[in-house]
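J.: Requesting a structural model of the entry that follows:
(6 chains, ligands or ions: 4)
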Amino acid sequence: MIVAIPKETIEGENRVAAVPATVKELIKKGMTVHVQKSAGDGSYIFDQDYIDSGALIIEDVKKLYSNADMILKVNHPVYLKDLKIHETDLLREGTVFISLFQTTKETESVQRLANRKITGFSMHLIPRTALAQKMDALSSQSNISGYKAVIIGAVHLGKYMPLLMTAAGTIPPAKVLILGAGVAGLQAIATAKRLGAQVEAFDVRPDVKEQVESLGAKFVEVEATGDEGVGKGGYAKETTEDYKKRQHELIKERMTKTDLVITTALIPGKPAPILIPKDMVEEMRPGSVIIDLAAENGGNCELTRPNELIQVNKVTIDGRLNIPGTMPVHASQLYAKNITSFVTYLCPEGEMVLNLEDEIISGALFTHNGEIVHEPTKTAVEN
Amino acid sequence: MIVAIPKETIEGENRVAAVPATVKELIKKGMTVHVQKSAGDGSYIFDQDYIDSGALIIEDVKKLYSNADMILKVNHPVYLKDLKIHETDLLREGTVFISLFQTTKETESVQRLANRKITGFSMHLIPRTALAQKMDALSSQSNISGYKAVIIGAVHLGKYMPLLMTAAGTIPPAKVLILGAGVAGLQAIATAKRLGAQVEAFDVRPDVKEQVESLGAKFVEVEATGDEGVGKGGYAKETTEDYKKRQHELIKERMTKTDLVITTALIPGKPAPILIPKDMVEEMRPGSVIIDLAAENGGNCELTRPNELIQVNKVTIDGRLNIPGTMPVHASQLYAKNITSFVTYLCPEGEMVLNLEDEIISGALFTHNGEIVHEPTKTAVEN
Amino acid sequence: MDMINILTVLILAVFVGFEIIAKVPPTLHTPLMSGSNAISGIAIVGAIIATKVGGEIGTWLGLIAVIFATINVVGGFMVTDRMLKMFRKR
Amino acid sequence: MDMINILTVLILAVFVGFEIIAKVPPTLHTPLMSGSNAISGIAIVGAIIATKVGGEIGTWLGLIAVIFATINVVGGFMVTDRMLKMFRKR
Amino acid sequence: MGYTNLFYILAAILFILGLKRLSHPKTARGGNIMASVGMLIAIIATLVASDVLDYKLIVIGMIIGSIIGATFAIKVKMTGMPQMVAIFNGFGGGASALVASAEFFSKTGAGAETSFLLSTIGLSVLVGTLTFTGSFIAFGKLQGFISGQPIVFKGQQVLNALLAMMMIAFAIGMVLVPENMYYYFLGLLITAAIIGVTLVIPIGGADMPVVISLLNSYSGIAAAATGFVLLNNGLIISGALVGASGLILTNIMCKGMNRSLANVVFGAVGLEQTSTSGTQKQMNIKSYSTVEAAMIFDSADKIIIVPGYGLAVAQAQYAVREVADYLETKGKKVLYAIHPVAGRMPGHMNVLLAEANVPYDQLKDLDEINPEFEDCDVALILGANDVVNPAARHDKSSPIYGMPILDVDKSRTVIINKRTMNPGFAGIANELFGYDNSIMVFGDAKQMLTDLLKDLKDL
Amino acid sequence: MGYTNLFYILAAILFILGLKRLSHPKTARGGNIMASVGMLIAIIATLVASDVLDYKLIVIGMIIGSIIGATFAIKVKMTGMPQMVAIFNGFGGGASALVASAEFFSKTGAGAETSFLLSTIGLSVLVGTLTFTGSFIAFGKLQGFISGQPIVFKGQQVLNALLAMMMIAFAIGMVLVPENMYYYFLGLLITAAIIGVTLVIPIGGADMPVVISLLNSYSGIAAAATGFVLLNNGLIISGALVGASGLILTNIMCKGMNRSLANVVFGAVGLEQTSTSGTQKQMNIKSYSTVEAAMIFDSADKIIIVPGYGLAVAQAQYAVREVADYLETKGKKVLYAIHPVAGRMPGHMNVLLAEANVPYDQLKDLDEINPEFEDCDVALILGANDVVNPAARHDKSSPIYGMPILDVDKSRTVIINKRTMNPGFAGIANELFGYDNSIMVFGDAKQMLTDLLKDLKDL
Ligand SMILES: NC(=O)c1ccc[n+]([C@@H]2O[C@H](COP(=O)([O-])OP(=O)(O)OC[C@H]3O[C@@H](n4cnc5c(N)ncnc54)[C@H](OP(=O)(O)O)[C@@H]3O)[C@@H](O)[C@H]2O)c1
Ligand SMILES: NC(=O)c1ccc[n+]([C@@H]2O[C@H](COP(=O)([O-])OP(=O)(O)OC[C@H]3O[C@@H](n4cnc5c(N)ncnc54)[C@H](OP(=O)(O)O)[C@@H]3O)[C@@H](O)[C@H]2O)c1
Ligand SMILES: NC(=O)c1ccc[n+]([C@@H]2O[C@H](COP(=O)([O-])OP(=O)(O)OC[C@H]3O[C@@H](n4cnc5c(N)ncnc54)[C@H](O)[C@@H]3O)[C@@H](O)[C@H]2O)c1
Ligand SMILES: NC(=O)c1ccc[n+]([C@@H]2O[C@H](COP(=O)([O-])OP(=O)(O)OC[C@H]3O[C@@H](n4cnc5c(N)ncnc54)[C@H](O)[C@@H]3O)[C@@H](O)[C@H]2O)c1
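T.: Ligands and ions are numbered 1, 2, ... in the order given. Predicted coordinates for the structure are as follows:
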């Protein structure tokens, strides 16, 4: 079976879906690995490295795609400008296409894959069971976002993060507020704590409180009536109106005292909830900073402009997308490991056995010979 | 006595020489404080804040300068483009001009000040005695550079800083090497440690070893013959040839294993020593990063281009100047405190008493009625 | 021997008893207990005397007493020693 | 009162003496010293008795002894108390 | 007589020094020997002093006693020590009672009974007998002849109170109404014996050591009382010594279990114990104190610490580091096993331990550490659960089946610390806790580690 | 007589409890009162018991004594305390000697001298007199009547030895050769008096407290000896108590100055001392163990910790946090005073303590904390030096003059931990170490804190 690793073309994307270590793994499973020329450059992995690990470097992109039985990518299929053709159109029918994207969002890609009768998996859909953790690309990548968000915040901030008592006076610690304490949020908390900031966090899921405190941060609690907000699989669901109000008040109050806000509040397949409406931003101190990790889904801040860095009355709002792309070395390493774990799980003996009984496999599958098999995606595509 | 706070005009300079707190201090001493319009904007201090603390906001720059008995600035005097005139030409004779710059470098400014019979002090020249610590702007600003250098490094780096053991594999900690463990260096060590990196440091002054270790980092030791390198006042002096060789070997060896290098090696009044010649850079891993805090004096890395961010065969070299300027809020707060401590020391009763017996005052003074009174500066100016 | 003196002796002895044991590592609780228990076998002295002064019944009671007390003393000290041997560092 | 008993009492008392004082914070060294010194003024009891049994010289020596001992007792306890007052928490 | 006393003093001194030494690990053994020498002196002195006495009889008695005592002492298994002490102590108390009785019959026969004599005899018999029976019950409980479970029945306290009153009454009667003192004496004897039983019966096996220590103190008191009967300094001093020091020791032991003496003696406690074990399904888990855990560590050479989410919740990162550091100073090898998904976010444990500056090279990931468990003496699980759940290896039905786990069960002893028997994130029970080589030490991780450290240092 | 003894026992008990309490800060005052009550009881008992005695005389004596004692006690300045204790003690010893003499003259007159009586008298007189004169010398030295410097001359030891032998000889003579015991008695008296002087003269003023404590123990012995003379239990017990406990206390004090008793008593030291203090130019510093430090903390309510560069060098951030945490669990208030330039880089201490997660709100900067020292019980200086050097406040010549410092010396006790007497960054000596309320605990900060924690828990 030939596994192909194309070079990512979306600009600012330095990740790649395979690293030497994982190439070896795949080859051990008896697969042949084709890597597009200079696919790894962005992650400081060079063709030679791939060759050393047993892969073939393919220069001709068309050949790469047409010969492949399985494509491993980071992003959803895109239109290749230089070849003036869409990736999907390079694929043979029945090819397996695995990448990490929100199928409910990139409906066009989904449609194309379906039409081309491609068997499409999204790492994004992998259920969060204990067994699936090593394939949990969402976690590995959000974790990076959480970490990097704090670093970027510290750069924007015109202040020190830690408390310092010096001959020229005492510097109070920066106040950091994390909205949404999922994987990204928790890692952000940890990193901000490390830098010595005073960290508070908020989340709709009450059980996160303990987790936040287990990182030594303070949990901002909306006196909840029952455990609203907790959805299946550890994910959050949308929340009641009245609760939203109380939450708004509380956050607004904390916001006026905060230097750096990092929002990670996502509800998969839905536009991100607005946690920071315009009025709140106006309340914030001049010089304070918002990093919106939910920008991809519209952002948790009303004013966030996806992939833009803006200043709204002296408040910096960073809506950059694809933060993991800025840490390509480790992002690629981790993602490659995730996707390879999935592939080896999918092809125990080197050949794919599409066991739809298996919750992981069926969970991640969204298109199969012409059909869109993942319900939420289907509904998303239809309207 | 009228003290004037002009707006800094050098681009990228967001600092200002006074903050509301220090304005109050000066006024308590019986001084009148004039602040140029929007002087503090860069540090998120607005005219209203100054007014509230008792200062006058002056719109007309010419008036600001001509009425002043004392000017407090961050940078050396410069040419004001919009007014098409040089600051120094706006000053009355005998005015006191206090700012933070290397008098041995900005010889032209020194010359001008001398010609205009300005009494010039540079915070850069303040001796590092126990008593002078609260005026030690060098320390307060280097401290910022040290901290921010690590943050910036972490942004450039395509990797995590800390060790992480995750479901998708183990991430080893980043290796950070600090060259020159002065104030900036030590703070860089501390910050890198905080982020969880593996930190090594090197310095010519053997007694720094203990200090480095007191921060939990490893000291890279060039088996020294006697205590070469230690100069008066805690500063370093140039070092012997043979020592330089051994040092070069050692650093080169460490360098090949390092992800992030931060250099802070300065010898006041001299071009910065080259610790990282070209050949070393070539030895470094692709994707590794060098932050050169000595760029202002030519840089500790041979390839450093002051105020530029360059990539030399996959190694990022950041030569940006004026890092404190990127943390204006605290940089200004600390600097303002330093300079104000000096001013109040200089003017115990609100009027200046130029006691040349006093080592701090005489130490910081470099021009006085027409003369260049600071020897090193004088020699620097003359050739 | 006048009462007052005996009383004096008793009181002082009690004080000593209270004072000598201040801190004892948990591991030594049992041995210490066992050791002092062996000491309480001092009743043997009484037993011996009893056999003498006791008269008919007395003598026999005394004899049993002697046996009992001896068990306490001999067994007590030996067991204690055994325990303590264990604790020796390897 | 037989010697043996006195001896017994003495020995036990000595043991108590050795044991009661284990750890003392430096600040209390002087007060403790002063306090126990006051106790050593118990010689006053002897002095009182002496005045009785003493006969001519005895009586006078006794008197002086009484004076001395009283100084020790009264002064001792008072001084100690003064010192300790200082240590009271403000 | 005079000189005998001198020897008694000598003996007393040896006892005192002996006891002192006994309470310090290094000198303990010497102390024990010292005390025994003291005893020897006392005995010989007595033998020499007491003229006209039936040496034959005494020697026979001593030989019999020695043989019995010695055999017991040699035969008993280490685990059986406490109950041994219990019986020995019982005999001691019995002896005192007997001596007093002997005096009673002889003296009173001679019509030489003073109320002082009678009251002392009363006291001696009372305490002695009580100790005798009590000790044997304690023995029985520990040996398993009687259920270790506290035996409680309604109105128990009332009964005890009644018995106590009767006992006192008899004692007083004996002194005040000499004419029928024999009956009173008998009554006293019997009630005392019964009380000895009823006092100990309701106390749970776990608390026996404390009870024994208390009884030991009693037997001292009995001896002292006998001393009054015989006007014998040796008995008085030694008895008083044991009585007093025994009481202190008892207290220390109670503190150790942080309980009050009253709380131990009045059974209530025993019940708690059974109730807790309710939640633990079929698994029979062994719950130990930190003291015992400390001893296990003391004999271990290689220790692997497995941190989990609970360690983070307890914020015990510093505590665990201290313990590890201490163990290392004792020349033991300490490693940390970091499971990839321990905690609640990737790298949670790294963040946590980095905070406490745990050296990176001590942290081993799953693949590195799993082989290490083979020759590991103790695996210390701190607030980890799912990541050490063997079900993941073999139980196909388990939701975590297939998840790689740390093979802690391979190590010689597994010590698990968590607060309750509640499950972890995955919400499933963990069979590991029931394994033979597993030991539970319940409590908040931070608290447990702090106690553990103290106990380690006290070893 | 019988009942008097009963009261003596009561008194003795009160003394014992009193002394115990006296050695714990919280109970000290109560203990003193207890002891005094005991004394009262003893006195009254004696007065009541001894029939036919000249109350007038006694009362007069007591009144005079009380007046003198009281006035002294009230007048004396706090700084004068030690010498006060010295004279009082002298009088006590004197009293014993006098009583013994009285007995001597009366009894011997009546020809009732047994060798036992004579030897006890001898002992009592000997020790009593020695104490008397010795105490007064000590007083003189402290009061400055005699040079505080050790007074040494060649052959001093020899002389002492000779005197001692003579003294013994006289004592023996008195017992063995009753016919001319009066001469012997006189000789004994005189030699004892001289020895008292020669023993104390060579000891330096700094060591006086130890000497006084020793003499105090002697006066106890004297009292006990007198007890034998009068066959009086009260005297014997109390005397023995003071004698023994005094000896222990003396030892503790020696340890505090880490010196041996011998080393203190045999003048040589006086010299040594000055030599060591060479480095410390006349400062005489008090060096204590962590145990004693622990007890100081025990009695403190508000504690301020002052970290310095040394704490960083020792990497003791975790250790200090544990100690602080423990103290807080004991309900004490703990703050950290962060000097702006403590350490070697701006914010060095913040970085350090943040590593150990010391809560930010416990960190106070110079301006916040300096007022706090006023009502602070203990300031704990950990590897800080320049930043707490009072020279910066008053010594214009000092290179650090004018630098704002932490006013630690304002707090009741200052405990300073560093490894040696070496100076810090500024390279200048620190007079703080010699202050009266300063105590040095030498050693590496981390080690010291670990020990301290253990000792705190052991209290
Ligand atoms: N790492 C990740 O990225 C991630 C993300 C999400 C979920 N997870 C899941 O989280 C789990 C992690 O496993 P784990 O073993 O680390 O944690 P765990 O399985 O959740 O077990 C934690 C245990 O700690 C105990 N505990 C809680 N507080 C404690 C305290 N103060 N002192 C002592 N013990 C305490 C609890 O028992 P008591 O209540 O009886 O004390 C609990 O059983 C895995 O199931 C993993 O799949 C991991
Ligand atoms: N903060 C800054 O920016 C900065 C920068 C440069 C210079 N300085 C200067 O550094 C000084 C800082 O004052 P400081 O009081 O913090 O430090 P310090 O005055 O240098 O004193 C530190 C003390 O710690 C003791 N020490 C060293 N290692 C130790 C260990 N392992 N355990 C216990 N004690 C140890 C040393 O005494 P032993 O050797 O006897 O143990 C030393 O006296 C000031 O003079 C300041 O001007 C500050
Ligand atoms: N089973 C596993 O092993 C495993 C693996 C990874 C993650 N998880 C769990 O899954 C959960 C989700 O992780 P994630 O990072 O993908 O979450 P996410 O990225 O989907 O959302 C981030 C966080 O935002 C919160 N959020 C949603 N709406 C919000 C609102 N209106 N206001 C505030 N907060 C809001 C969510 O509760 C979530 O905690 C986490 O709790 C994580 O522990 C489990
Ligand atoms: N007295 C005080 O209170 C006080 C205040 C601030 C700083 N200081 C001391 O002054 C010293 C200098 O501080 P700084 O940050 O201004 O120093 P700097 O910025 O002048 O130099 C930075 C460091 O580079 C080192 N260096 C110079 N040449 C080098 C070479 N060839 N190779 C490697 N390293 C080299 C120097 O030793 C110095 O440590 C520090 O040690 C600091 O402790 C003292």
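
J.: Within the helices and strands, which one has E:Ala324?
T.: Using DSSP states H and E, E:Ala324 maps to helix E:317-329.

J.: what about that helix, average pLDDT?
T.: For helix E:317-329, mean pLDDT is 92.

J.: Could you confirm whether any residue of it contacts chain C?
T.: No - using C-beta under 8 Å from any C-beta of the partner chain, helix E:317-329 never reaches chain C; the gap is at least 14.9 Å. For every residue, glycine as well, the C-beta is placed using N, CA and C.

J.: How about stretch E:32-43?
T.: Yes - counting by C-beta under 8 Å from any C-beta, chain C is contacted by stretch E:32-43 at E:Asn32, E:Ile33, E:Ala35, E:Ser36, E:Gly38, E:Met39, E:Ala42, E:Ile43.

J.: what's the helix or strand for the last one?
T.: So the one you mean is E:Ile43. helix E:28-49.

J.: chain center to that helix, what's the gap?
T.: Relative to the centre of its chain, helix E:28-49 is centred 26 Å away, using C-alpha atoms, centre = their mean, to the nearest Å.

J.: send the alpha carbons of it over as PDB?
T.: Output of helix E:28-49 as PDB, limited to C-alpha atoms (Å, rounded to 0.1, in the frame of the first residue of the first chain):
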ATOM      1  CA  ALA E  28      17.600   0.200  72.700                       C
ATOM      2  CA  ARG E  29      19.200  -3.200  72.900                       C
ATOM      3  CA  GLY E  30      21.800  -2.200  75.500                       C
ATOM      4  CA  GLY E  31      19.000  -0.600  77.500                       C
ATOM      5  CA  ASN E  32      17.100  -3.900  77.600                       C
ATOM      6  CA  ILE E  33      20.200  -5.800  78.700                       C
ATOM      7  CA  MET E  34      20.800  -3.100  81.400                       C
ATOM      8  CA  ALA E  35      17.300  -3.500  82.700                       C
ATOM      9  CA  SER E  36      17.700  -7.300  82.800                       C
ATOM     10  CA  VAL E  37      20.900  -7.000  84.800                       C
ATOM     11  CA  GLY E  38      19.100  -4.700  87.200                       C
ATOM     12  CA  MET E  39      16.400  -7.400  87.600                       C
ATOM     13  CA  LEU E  40      19.100 -10.000  88.300                       C
ATOM     14  CA  ILE E  41      20.600  -7.900  91.000                       C
ATOM     15  CA  ALA E  42      17.200  -7.300  92.600                       C
ATOM     16  CA  ILE E  43      16.500 -11.100  92.600                       C
ATOM     17  CA  ILE E  44      19.800 -12.100  94.000                       C
ATOM     18  CA  ALA E  45      19.700  -9.400  96.700                       C
ATOM     19  CA  THR E  46      16.300 -10.700  97.700                       C
ATOM     20  CA  LEU E  47      17.400 -14.300  97.800                       C
ATOM     21  CA  VAL E  48      20.500 -13.500  99.900                       C
ATOM     22  CA  ALA E  49      18.700 -11.200 102.200                       C
END
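
J.: mind checking the SS state of the most centrally placed residue in chain C?
T.: Centroid check for chain C by C-alpha atoms, centre = their mean gives C:Ser40 as the closest residue, at 1.7 Å. At C:Ser40, secondary structure determined by DSSP: H, G, I helix; E, B strand; the rest coil is helix.

J.: OK, contacts around it?
T.: C:72, E:89, E:92-93, E:216, E:219-220, E:222-223, E:238-239, E:242, E:246 (C-beta atoms under 8 Å, 6 or more residues apart in numbering or on different chains).

J.: Over to E:Leu249?
T.: C:Ile21, C:Val24, C:His29, C:Leu32, C:Met33, C:Ser36, E:Ser213, E:Asn216, E:Ser217.

J.: ok, of the residues you listed, which one's closest to F:Ile146?
T.: In terms of C-beta to C-beta, no member of those lies closer to F:Ile146 than C:Ile21, at 45.6 Å.

J.: out of everything not next to it in sequence, what's closest to the residue of chain C found nearest chain F?
T.: Residue nearest to chain F within chain C: C:Ile4 (4.5 Å; C-beta to the nearest C-beta). Nearest residue to C:Ile4, sequence neighbours excluded (C-beta to C-beta, 6 or more residues apart in numbering or on different chains): F:Asn5, at 4.5 Å.

J.: wouldn't that neighbour be in contact with F:Gly234 here?
T.: Yes - counting by C-beta atoms under 8 Å, F:Gly234 is a contact partner of F:Asn5 at 7.3 Å.

J.: Neighbour count: the two, which is higher?
T.: F:Gly234 (28 against 21; other C-beta atoms under 10 Å in any protein chain shown).

J.: if I look at the nearest residue to E:Ala225 once chain neighbours are set aside, how far off is F:Ile195?
T.: Distances taken as C-beta to C-beta, 6+ apart put E:Ser124 closest to E:Ala225, at 3.7 Å, once the chain neighbours are dropped. According to C-beta to C-beta, to the nearest Å, E:Ser124 and F:Ile195 sit 52 Å apart.

J.: If you count surrounding residues, which of these two has more?
T.: E:Ser124 (33 against 21).

J.: which residue packs closest to A:Gly54, ignoring adjacent ones?
T.: Nearest residue to A:Gly54, sequence neighbours excluded (C-beta to C-beta, 6+ apart): A:Ile27, at 4.7 Å.

J.: Helix or strand for that neighbour, just tell me which one.
T.: Element membership for A:Ile27, per DSSP H and E: helix A:20-28.

J.: In terms of secondary structure, what does whatever helix or strand comes next after that helix contact?
T.: Next in sequence after helix A:20-28, counting helices and strands by DSSP H and E, comes strand A:32-36. Applying 3 or more C-beta pairs under 8 Å, 6 or more residues apart in numbering or on different chains; DSSP states H and E, we find strand A:32-36 packed against strand A:2-5, helix A:20-28, helix A:47-52, strand A:56-58, helix A:61-67.

J.: Let's see the second one as CSV, backbone CA atoms only.
T.: What that stands for is helix A:20-28. Extracted in CSV, the C-alpha atoms of helix A:20-28 (Å, rounded to 0.1, in the frame of the first residue of the first chain):
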residue,chain,number,x,y,z
PRO,A,20,11.2,10.2,9.8
ALA,A,21,10.2,8.3,12.9
THR,A,22,6.6,7.8,11.7
VAL,A,23,7.8,7.0,8.2
LYS,A,24,9.8,4.1,9.7
GLU,A,25,6.7,3.0,11.5
LEU,A,26,4.6,2.9,8.4
ILE,A,27,7.3,1.1,6.5
LYS,A,28,7.6,-1.5,9.3
